[in-house]
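> Structure, please.
(4 chains)
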Amino acid sequence: MDKFGVANSQKFDVYASRLMPREEFFTSGHRSCQGCGEALAVRWVCKAIGKDAVIAHATGCMEIVSSGFPQTAWKHPWIHVAFENTSAVAAGIETAYRILHRKGKLAHLPKVVAMGGDGGTSDIGLQSLSGAMERGHNFTYVCWDNEAYMNTGIQRSSSTPYGAMTTTSPPGRLSIGQHTWKKNMVAIAVAHGIPYVATANPSYPFDLYFKVKKALETPGPAYIHVLSVCPTGWRSATDLTVRLGRLAVESAVFPLYEVVNGRYRLTIEIPKIRPVKDYLKPQGRFRHLREPEVNFIQQQVLERYDLLLKKCEAPYPEFPSLAPLEEGE
Amino acid sequence: MLEIRFHGRGGQGAVTSVELLAVAAIEEGKFAQGFPSFGPERRGAPVLAFLRIDDHHIRLRCKIANPDVVLILDPSLIRIQNPAADLKPEGVIVLNTNKSIADTRREFGFKHRLAVVDANQIARQVLGVPITNTTMLGALIRATGAVKVDSMTQPLKERFGPMAVKNITALQTAFEKTVVGEAKS
Amino acid sequence: MGHRAGMEVSIAVSHAVQLARAEAIAAYPITPQTHIVEHLSSMVANGDLEAEFVNVESEHSALSCCIGMSAAGARTYTATSSQGLALMHEILFIASALRLPIVMTVANRALSGPLSIWNDHSDIMAAKDIGWIQIFVENGQEAFDHTVMAFKIAENSKVLMPTIINMDGFILTHVVEAMNMVDQDLVDKFLPPYLPRHTLDPKYPVTMGAFAMPEIFAEVKMNHQVALMNSYERIIKVWEEWGKLTGRQYHPVERYKANDAKILLLTMGCLGEVAEIAVDELQAAGEPVGLIKLRLWRPFPFAELRDALRNAELVIVCDRAVSPGGAAPPVLAEVRSALYPLSQRPETLGYIIGLGGRDVSPVSFKEIVALARDESAQGPKQEYHLYGVRG
Amino acid sequence: MSKPLDQMTWQDIELGALLREPGNARAYRTGDWRSQHPVWTKSRCIRCGVCWTVCPEPAIIQEPNGYFDMDPDYCKGCGICARECVTGCITMVPEEE
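This is a model prediction of the structure:
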């Protein structure tokens, strides 16, 4: 149990929800699919963000379902510009707030949050994200990872997991479906030497909630990678969304951890790792996989999880802390 | 209108010279236009820089095809191209060399009016480095009267700050030491 | 009121941005825009300009960052060129659709390929339909003046439109010349602080950049089109106000010795002054040749242009970009289109000049006039010509 | 929102197609999408709020007595609440024809 009394529990404390803010910042009337894990994630992230913030959003599912003119599901000041540039837009907002504050035109600095899907983050948006992280803007980036281009009809992205069927990585006589391993965006973010990086998942809403809070309070760039179950693209039952998110963690396919100043730490321990087939089986996108492929995935997942544990146990961080410099005379 | 073309190598400061001279002419109340040969110049490669000075607003935006003056910062450039090839017949060549007018004419066959100065030596003595761009401005002013020597002081100060004094000295020294030979028919 | 000074035009532009008290700048270096942003970043580093300068990782991000800056309420500036403008392309449309008054200098340069860092107008002509106000300048003075004025135009509450100042790369950006600077006091009186009509403010949350279903997209476009056309009057007013303050009056269509000229050359950008020299020489030789210079490119000044051209017999449009396989190069296409409704209209011939930094001298314009007269007498041989191409 | 989308004129468009009514998506009722809906058996409900926590819409409202129910205007009928209910007190019932 961590300090919030929830994180180690597989099912969160049943009454804890009463402690969470009631106010909704992502309102009903949005047009996401039934059982959308991403909408659930947005709902909780927006609660964690609170009132005093502005959101820049990339083109993608969440943008389309939430902002059809003349209606908006967002209660935050919100801007959508294009697909690949959300981090640059957020960087501009953050910069403008800073100079306007310095010139006395703005009383205080609202939090700046950028959001985008896995395509808008790990593919087309990677450059602007990298630039914004490298320049050290004080913003939080949240990636909604539903593991493919769902908005355009389920095409593969670099975040699509090995073996998954999408419309552009179809299994066939010569292919098992997606034949590359999911890009490790978290490691890429960590490699920028930014102070806060985390994975999260709305099946663990409190873990997600407090990670967002932490990210917002961290000066400088923060990155949160949120696995967002997509019943439409994953070909799973709509009611299984939260369960699948939990299975992703319990099978170590998507462990929940954070990297604070380069130090890795699991936020949700996995006492007994479940077989990956428990996670794969309810998803139609893996239906075509045969035993050897499942075994390969199993072996890869365990090896990668093992490497993650080693990083968590490492006696040194991934990069030296910049703290002494900031404290310097 | 006076049209001047500088010949130098990337890093020798031909473009800086042109800018300084343009600013000086403008501060005298004239109109001027200074610009480099546009492009990706690299250290050591031959470069050109252009200068127009006139009493009226200058409307031309093309290269200088037939200059009134060519100024050669580095005599080794003459072996690559003949800077005097398209010089106007009444034009003048301003050359950085330790040779005399007669020797220079003999070596390169120049018929134009010719001004020579050993700018390398002056620059070494005064500036401590063989960078001759500001030094050669003294020779140019001597040969053409394009601007007054004093007009160079302010632009040099703005450009070089504390280093300006030495550059001004180098320029004045060159102005005094420059030898001008009239054109040969 | 001001002082006369000699400096590189790029530096003068950066001073104009400084005098306008720009607050937020995001830029990526590209030849020949670099000197502008170098000087701005050093002004920011030295505290001579109270602004934030963001060195973004691409032009795409430069304009995206500017959108964020402007949406958050800061007076925003950027500069680019050629490939950089092309990389921004997608975002250019969004900046104007969001009605954010970003001011941008485009140091006009050819588009690859082959790679060319030199001047022509193919970059901006590929971006003519982006919904921005677009102005062309002829010399350093104009580049300086129009940079200051652009902020006032763009930020006018009835305009709120991003604005591009087009200045020719190298042959304008990299030239040291004489200009009349203006004092900070004058600019402060002329240009009040930017009061954004709406910003990203948690106290008054708004949604910017909602998507539009087919039922409403055309209405949104119409709204933008009307606003851009209506900006014309405000542009003229701002130019008039500047004219009164400085004695330098600008017009959307500039006429040079064009009265009673049967033949008119038409140019945009700084080759206009080179053409003036050709016109002087031709008129001295008794030839009825004048010059029209198109300054305001967007919104297109239909009425003034028709007025300026209607009495001529022959208009020779000098484009600086190619429209491969197209009906005409961009300026010729628009000029012809603007003239078409007139019952009596001059013949229009097109010559494409100065591509990729090719030198254009007064002699070139004289040759073009001679070629066009022949062509006009014998009937056009082809739709338009690439002047001076060998072979 | 004053007018339906297909009656708005170009003059009705805010500058920059800006939207000034945050959260006005609530005007769109996603309840129409539903083919089944959750029903709570109150005798088994411990009022823990897990259903409220996991609803993506959100379309679960808490009544003054602490029990939960769906918001018929927005519930899309995904069934996550029933699946995640700690005591199993929610069942999904088909919409009536």
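> C:N166 belongs to a helix, doesn't it?
No: counting by DSSP: H, G, I helix; E, B strand; the rest coil, C:N166 is not part of a helix but strand.
> Just confirm it contacts C:W297, I think it does.
Yes: judged on Cβ atoms under 8 Å, C:N166 makes contact with C:W297 at a distance of 7.4 Å. Using the backbone N, CA and C atoms, a C-beta is placed for each residue, glycine as well.
> anything in contact with each of the two?
Contact criterion Cβ atoms under 8 Å, 6 or more residues apart in numbering or on different chains; residues shared by C:N166 and C:W297: C:I124, C:Q134, C:I135, C:F136, C:M268.
> what about the third one, helix or strand, and which?
When elements are assigned from DSSP states H and E, C:I135 belongs to strand C:133-136.
> Give me the helices and strands touching that strand, please.
Judged by 3 or more Cβ pairs under 8 Å, 6 or more residues apart in numbering or on different chains; DSSP states H and E, strand C:133-136 is in contact with helix C:140-155, strand C:163-168, helix C:214-246, strand C:296-298.
> So for chain B, which of the ones you listed sits nearest?
Of all the helices and strands packed on strand C:133-136, strand C:163-168 sits nearest to chain B, with 7.6 Å by Cβ to the nearest Cβ.
> Which strands and helices lie in contact with the very next helix or strand once past the closest one?
Toward the C-terminus, strand C:163-168 is succeeded by strand C:176-182 as the next helix or strand (DSSP H and E). Under the contact criterion of 3+ Cβ pairs under 8 Å, 6+ apart, strand C:176-182 touches helix B:14-27, strand B:31-36, strand C:2-8, helix C:9-19, helix C:140-155, helix C:214-246.
> any weak-confidence spans in chain D?
By pLDDT under 70, the weakly predicted segments of chain D are D:1-2, D:97.
> how about the strands in chain D?
D:36-40, D:60-62, D:68-70, D:90-94 (DSSP state E).
> likewise chain A?
A:53-57, A:78-80, A:111-117, A:140-145, A:171-172, A:175-176, A:196-200, A:222-227, A:257-260, A:263-266.
> I'd like those laid out as JSON lines, including mean neighbour count and mean pLDDT.
Output for those, formatted as JSON lines (neighbours: other Cβ atoms under 10 Å in any protein chain shown; pLDDT from 0 to 100):
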{"stretch": "strand A:53-57", "mean neighbour count": "28", "mean pLDDT": "98"}
{"stretch": "strand A:78-80", "mean neighbour count": "28", "mean pLDDT": "98"}
{"stretch": "strand A:111-117", "mean neighbour count": "29", "mean pLDDT": "98"}
{"stretch": "strand A:140-145", "mean neighbour count": "29", "mean pLDDT": "98"}
{"stretch": "strand A:171-172", "mean neighbour count": "15", "mean pLDDT": "96"}
{"stretch": "strand A:175-176", "mean neighbour count": "15", "mean pLDDT": "96"}
{"stretch": "strand A:196-200", "mean neighbour count": "28", "mean pLDDT": "98"}
{"stretch": "strand A:222-227", "mean neighbour count": "27", "mean pLDDT": "98"}
{"stretch": "strand A:257-260", "mean neighbour count": "20", "mean pLDDT": "98"}
{"stretch": "strand A:263-266", "mean neighbour count": "16", "mean pLDDT": "97"}
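> Which one of the strands of chain D lies nearest to B:R9?
Closest of these to B:R9 is strand D:60-62, at 77.3 Å (criterion: Cβ to Cβ).
> Adjacent strands (with direction) for the closest one?
strand D:68-70 (antiparallel) (DSSP bridges).
> Which residues outside the partner strand are in contact with it?
Residues outside strand D:68-70 that contact it (Cβ under 8 Å, 6+ apart): D:37-38, D:40, D:45, D:47, D:49, D:51-52, D:59-63, D:81.
> Drop anything exposed from those residues.
D:37-38, D:40, D:45, D:47, D:49, D:51-52, D:59-62, D:81 (16 or more other Cβ atoms under 10 Å in any protein chain shown).
> Closest one to C:E375 out of those, please.
Ranked by distance to C:E375 (Cβ to Cβ), the buried ones among the contacts of strand D:68-70 are led by D:A59 at 72.8 Å.
> what's near enough to touch the closest one?
A:S28, D:T30, D:G31, D:M70, D:D71, D:D73, D:Y74, D:C75, D:K76.
> By neighbour count, which of these wins?
Of all these, D:K76 has the most neighbours under the rule other Cβ atoms under 10 Å in any protein chain shown, reaching 28 neighbours.
> residues contacting that one?
A:Q34, A:G35, D:T30, D:G31, D:W33, D:R34, D:E57, D:A59.
> and if we set it to 6 Å?
The contact partners of D:K76, by Cβ atoms under 6 Å, 6 or more residues apart in numbering or on different chains, come to A:Q34, D:T30, D:W33, D:R34.
> so the second one touches D:D73, yeah?
No: contact criterion Cβ atoms under 6 Å: D:T30 and D:D73 do not qualify, at 7.7 Å.
> Could you pull up the contacting residues of the residue of chain D most remote from its centre?
Farthest-out residue of chain D from its mean C-alpha position, per Cα atoms, centre = their mean: D:Q11, at 33.2 Å. D:Q11 makes no contacts at all, as judged by Cβ under 6 Å, 6+ apart.
> Could you report the distance from it to chain A?
Note on D:Q11: its distance to chain A, by Cβ to the nearest Cβ, to the nearest Å, is 14 Å.
> what about the residue nearest to C:I102 when sequence neighbours are not counted, distance to C:F211?
Nearest in space to C:I102, with sequence neighbours left out and distances taken as Cβ to Cβ, 6 or more residues apart in numbering or on different chains, is C:P162 at 4.3 Å. Distance, C:P162 to C:F211, by Cβ to Cβ, to the nearest Å: 20 Å.
> So which of these two has more stuff around it?
When C:P162 and C:F211 are compared for neighbours, C:P162 comes out ahead with 29 against 15, by other Cβ under 10 Å.
> That one against C:S96, yeah?
Yes: C:P162 lies in contact with C:S96 (Cβ under 6 Å); the separation is 5.4 Å.
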